Each structure stands twice: as structure tokens, then as C-alpha cells.
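1. Sequence and predicted structure are below.
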Amino acid sequence: MAKKSVATLQTGSKRLTKAIKMVKSPKSGAYTFVEAIMDPDRVNDFLAKK
């Protein structure tokens, strides 16, 4: 994993976080971006997961 990015989003009463992870493909060697919008408590688990 080469890069991590986290942005905080607030929509009304809910607090959400958009996490973007750059992942290297083992097959082609190219990098792809994986994005997810989630609860701020789950961000570290998302970024730690391969």
C-alpha cells in the first residue's frame, strides 16, 4: 500500500468519513484506488486490511 487519505464528511446528524486507499495489483503491478464511506471508528480497520 503506497498512500492513505482520509476526509471527514458531515451530513446532518451523521458523521461519516471517506477513506481512499491506493492498492498495488499483484497481477499487473498497476495501482488502483479503493474508496469507502464509513463510520470514523472503522477507518483504521479499512486502511490496515489488504
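-> In hand now; what should we look at? On a predicted model such as this, the values are computed, not experimentally measured, just so you know.

2. ok now the helix or strand hosting residue 47, how far from the chain's centre?
-> When secondary structure is defined by DSSP states H and E, residue 47 falls within helix 43-48. In terms of Cα atoms, centre = their mean, to the nearest Å, the centre of helix 43-48 is set 7 Å apart from its chain centre.

3. where are the low-confidence patches of this structure?
-> Scanning the chain for pLDDT under 70 picks out 1-13, 50.

4. So for the helix holding residue 47, what gets flagged as buried?
-> Neighbour counts over helix 43-48 (16 or more other Cβ atoms under 10 Å) mark 43, 47 as buried. C-betas here are computed from N, CA, C, even on glycine.

5. Packing partners of the lengthiest strand in the chain?
-> Ranked by residue count and defined by DSSP state E, the top strand of the chain is strand 14-24. Packing contacts for strand 14-24, counted by 3 or more Cβ pairs under 8 Å, 6 or more residues apart in numbering; DSSP states H and E, involve strand 3-11, strand 31-38, helix 43-48.

6. Quick one: distance of that strand to the chain centre.
-> From the chain centre to the centre of strand 14-24 is a distance of 3 Å (Cα atoms, centre = their mean).

7. I'd like the numbering to begin with 188 instead of 1 from here.
-> New numbering, starting at 188: the last item is strand 201-211.

8. Parallel or antiparallel, which strands does it pair with?
-> strand 190-198 (antiparallel), strand 218-225 (antiparallel) (DSSP bridges).
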